[in-house]
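[1] The amino acid sequence is not available; the structure is as follows:
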């Protein structure tokens, strides 16, 4: 790797951006070389999103400048940034669900014949680009009909079609399963080999270290370090990110208690998930693993009453229960931390306290029939603040002002507040930074120790290994195998999940069969 | 937290300031009282030519008599009618003239006026069975009868003696307008005609047009159409013209009000006739009546039992239309 | 050349088509005069007036917006044109009327894009403002043009129908085949994403609102030509009819999709109902009841159908 | 990858929470108090320019007038906070008011109010079921009921207005208690009740939650369908009550009562700072906005403003009040862009 030879294609110099009351970026300088995969890491609030926003033309810098090919460049709006050869793939995609794949790829750059859009050329070129990515998607398909992984590929195809020289990817694997993520990393590598520079923004250090040529760390809006991959250790990156020393942790040994949940031949939604039988004890963490579409999420939703259990029986503490909707789930003592925080759990406009108590209002806060006991609610919120170490100033504060990790803790508190005996965790640390992640793991450990039973569904294998005592692997809606304790390794899980050998090789045919 | 406090303080001081201003103004307004008598007129809806004429008559007469004059518009809403007229009464008027959008809702207004000993003169539409002092009313039913007689006189002389006529009404809730059509329909049936259809054009010109088109296609042999007001009549005349017929010779159109727009249409040979009301005259009459009432005199009722003063209605055909337009 | 176009949402418009056939069938049986050429022209003419503004509204709804001010805009444009016909001639006056409509639309667009007022409220405010402006402009008087046969061309014979069809074709073409049209759908689909990928959503919306204003103006002009009169009361309540026909036609209120053919069929359906009930001499009272029932019926059918499709997804039981 | 854990004692406070405190949340402030400020401003201007404005009779009149839209707006506030909408309140009002007046004539005051409120509730139930169970978008569902109820009212009444001027009945629309007009007292009562429901009951919390995010509400165990139906019933109940008051005020009611009422009600709620998209809003704002609209109409009448111009002014005030926040954001954006451009303006792109 002879980085010295290459010229910086993009550089930021002394970049600052002030928002009312906060300095989001503080005098940041670094550069990206041609054909380089440059990873940008940092905790939430480190300034990554602001930096991306400036490169995308969404924000303007308060001071400093962006150099493109060593000349100052100005991006007053997204279009000018794109014209300069920068494509940004945001974490929540910028796709237009009602338009076709081809239209999404060529939006605002549609090939035209006279006044009209040249559909033939557009579809043909889209097909060509998709082929270079090794995917077969009909360019005329509506984007709303695609799976998440395919949607990501459409975003990449859009970047490629724009003759982009720099692609910025914000948490590109956040919504992907392990399999799709591997595929994405391959694509990123081949892009870089083709001369495109990639600014790869991610929390997942594992990915970062497997792909980046150089790594830049931001913390609290300031530039901490930029270093070649081989010149820096994972340990150093983490401490640069959090600005403090970290210690290792492993799954504590646990002693399971009485059986809390028992399922027998459970079928969800008439066959989306079939023949699930397992039991779960107090103080135990059961992991569910599988590729997207394997039925893990559907089973979780079934257990929580978001989907119908169409066959089989379901016993909680030896009593058969019927959970028809989330409400009855909560009443039976089942709590859920949903997988998509933005869509499924947080009410951004409501206060922390309201977010925390929304699931169990009638049970706890009735001073006299009908009226809420606001003081009690406040007390309860502060209680949880202490117990779960949630950081906020006032219970009346809007939850949108909290960091992702703290929001997630509030959601966790909500799930626990319902007198929870069985806690369902779906992707509990998605989009949460390293420090907060470790805290949430510790929290889960403590809860389990207190006797709560946990079912954990996650696409992050290290998380599974760190937390789960047992793990059931699903394939195509059916449990394929169960792993216990030390048997849970990345290789074992993946080989069960894919039905292949544990050396994961990816080709487009198997990718399609997954979706 | 602090800024919320600060803002509340700001708000509080602004409120205090307002209260002080308001109190001082209350006192000044008490002192203000002018010697001049004030006439308040609450008009149905200034969007209509008819009421613009009425307002003009009322205003001119008030000014001529040396009164102050205040106007409010009910904008075709009974709720606004009551609240806006209440605003008038609160301004210390000496007499109230009102052309009510909904006579049925006159109750609270008349009660409020009586409480302040303000005489109430109602201009047209209806009195809603309230305790008003006098109502100036054009004889809507008679107008309908006039129209029927006119249609009969014209059609009788025609060779192909179709006995089919149609009637277009205003919005279904307009009581005064319903009387016109009722008068027309009763009389025309007496004369041996068949009313093939009665449809509503909601008082609106473009709906009069649309409804007439439907009438013409359902009953191609209809010989005459009576419309509850002139805008709809003019719309009807245009629809007849668009079907290649004449609003005089083929399908005789008769309207109501004698709005300028209808007079022009009659002059242009697009419709047969209209029943004239004299809104401007009526406006003048109400001011005269108000003057009498303020002096404590009794008006000369046409029908003392209902405290009504009638205004004659006249039929306007091409001859009279010309003369009226010149005025 | 086999240029494959994206599949579109066609279901709803076939629903309204079916409804239309049924209703028309009933009237054809009940009234012998319903199927006469004269009456059909009559139906089509009154359908055209609503269809024209409905087509504009389809664009607005496809872009994720609304325009409640179309009735007032129609009145204002009608007044402007009628007042100018004598001075500057029919052609120029018509252009002036359309320009007035487009200008009102542009103002709507500016309020929405620049001041950040939601379209529903922005155009609600403009509804009263423009109506007031029309009344002030005319002084509340009728302006009439008897004997002006040239202006009459706008409303006589097949003109309104042809205008509606031509407009439908043009808008369909714009929507499906031009960049502007695709950007309208993109904006309605997800304005935030569209902005990020370089669609100038503000410009798109300004364009859309101007078009809506112009179509409202055209409807107003036809109405004023029908009665050869301009006044500030013209076209009251047109906004709700326009929205009703768009909804009947199956264009979803969520934006990103549009059914031009559906809107045409929706407006014919409403015209057929009103005409048929008039032919049968049914009281006007029943027109609103029928319209309400149809609206709910059509959409309920559609909702239940998609519901069955959706049972496999997350539900709100 | 190894999993790491932090020393708990050394965790600094999250930066995002600390930053928003010292800075003024204009958005929220304007949402809470903006309408009240505008109302007071108008009072000031009116008081200074037209002496007729500031007398007791006139205030009574303004407050009374604010109640008729206001009571219905209390219900509509629920609907809009829940992220939905009811266009049928105009038709509902006419039907309920007619029902109240007709029943008052034969059976007395109490049955009259019960009839009106019950009719409103039933229509609300229909709307709610259409939206929550058949899943028709609220805009379309209530547009449909609007036409339907309007037509039904005409059929039921045969186009005729019902009239009744019995003292105990009209007392509710016209009398005063402690020099406050009765309808306004009822309105304040409704607003207080509404505020209590919104802030002190689980139903209220559910409404905010649904308005914020339907899906998240469902996952959090909020009974979304039930709450939605209940919201529409509440709108109907309040509209029915307001309608009975209006019937009492007018001594009469019939079809075609108050054209455009639904839009006035929605405008009032939105002007009161409730966000059209749902999830945010308060009763205080609704009360202030109802008074604001009544004041505006009154002031324009007192200042002898031409009826045509009045329309323009009312629309303008509505737009002006709702643009303030947008204008402020625009300006902030403009300044930040300008600031960004100045040092580099001479450079080529």
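    Yep, that arrived. Keep in mind it's a predicted model, so treat the numbers as computed, not measured.

[2] Write out the residues of the stretch 151-300 of chain C neighbouring chain D.
    Neighbours of chain D within the stretch 151-300 of chain C, by Cβ under 8 Å from any Cβ of the partner chain: C:232, C:240, C:243-244, C:247, C:252-254, C:283-293, C:295-296, C:299-300. (Each C-beta comes from the backbone N, C-alpha and C, glycine too.)

[3] Give me the buried subset of the residues you listed.
    The neighbour count (16 or more other Cβ atoms under 10 Å in any protein chain shown) marks C:232, C:240, C:243-244, C:247, C:252, C:283-292, C:295-296, C:299-300 as buried among these.

[4] which ones among the residues you listed are found in helices?
    Judged by DSSP state H, the subset of those located in helices is C:240, C:243-244, C:247, C:285-292, C:295-296, C:299-300.

[5] quick one: the helices in chain B?
    B:2-32, B:49-64, B:78-90, B:107-115, B:140-156, B:175-190, B:205-218, B:230-242, B:260-267, B:279-294, B:318-326.

[6] now swap in chain D and tell me
    Secondary structure of chain D (DSSP H): helices at D:15-19, D:26-49, D:56-81, D:89-107, D:109-132, D:138-157, D:167-174, D:182-200, D:202-212, D:214-219, D:224-250, D:261-271, D:283-302, D:307-341.

[7] Out of those, which gets the lowest mean score?
    Lowest mean pLDDT within those: helix D:15-19, a mean of 35.

[8] rewinding a little: and which of the ones in helices among the buried ones among the residues of the stretch 151-300 of chain C next to chain D is nearest to chain B?
    The closest of these to chain B turns out to be residue C:285 (Cβ to the nearest Cβ; 7.0 Å).

[9] burial of residue D:296, as a residue count?
    20 (other Cβ atoms under 10 Å in any protein chain shown).

[10] How much space separates residue C:196 from residue A:88?
    Counting by Cβ to Cβ, to the nearest Å, the gap from residue C:196 to residue A:88 is 7 Å.

[11] Between the two, which is the more surrounded one?
    Set residue C:196 next to residue A:88 and count neighbours by other Cβ under 10 Å: residue A:88 wins out with 26 against 22.

[12] hang on, that one in a strand?
    Yes - under DSSP: H, G, I helix; E, B strand; the rest coil, residue A:88 sits within a strand.

[13] From what I see, it and residue A:52 are in contact.
    Yes - between residue A:88 and residue A:52 there is a contact under Cβ atoms under 8 Å: 6.1 Å.

[14] Which neighbours do those two have in common?
    Taking Cβ atoms under 8 Å, 6 or more residues apart in numbering or on different chains as the criterion, residue A:88 and residue A:52 both touch A:168, A:170.

[15] Where does the closest residue to chain B within the stretch 351-500 of chain A fall, secondary structure wise?
    Here the stretch 351-500 of chain A gets closest to chain B at one residue, residue A:394, 8.0 Å apart by Cβ to the nearest Cβ. Assigned by DSSP states H and E, residue A:394 belongs to no helix or strand.

[16] Would you map the strands across the stretch 51-200 of chain C?
    In the stretch 51-200 of chain C, strands defined by DSSP state E, counting those that start in this stretch lie at C:143-144, listed in chain order.

[17] What ranges in it fall below the confidence cut-off?
    In the prediction, the stretch 51-200 of chain C carries no residues with pLDDT under 70.

[18] Swap in 80 and give it another go.
    When residues are selected by pLDDT under 80, those of the stretch 51-200 of chain C lie in C:147-149.

[19] What parts of it come near chain B?
    Residues of the stretch 51-200 of chain C lying close to chain B (Cβ under 8 Å from any Cβ) are C:135, C:140, C:141, C:142, C:144, C:146, C:147, C:152, C:155, C:156.

[20] Now list the buried members of the residues you listed.
    If you count burial by 16+ other Cβ under 10 Å, the buried members of these come out as C:135, C:140, C:141, C:142, C:144, C:146, C:152, C:155, C:156.

[21] Among those, name the ones in helices.
    Within those, residues falling in helices by DSSP H are C:135, C:152.

[22] Switch the buried ones among the residues of the stretch 51-200 of chain C next to chain B over to CSV; also include distance to residue D:169.
    Shown next, in CSV, are these (distance: Cβ to Cβ, whole Å):
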residue, distance to residue D:169
C:135, 37
C:140, 37
C:141, 42
C:142, 42
C:144, 47
C:146, 51
C:152, 54
C:155, 50
C:156, 54
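
[23] Which one of the buried ones among the residues of the stretch 51-200 of chain C next to chain B is nearest to residue C:90?
    Among those, residue C:152 lies closest to residue C:90 (Cβ to Cβ), at 9.5 Å.
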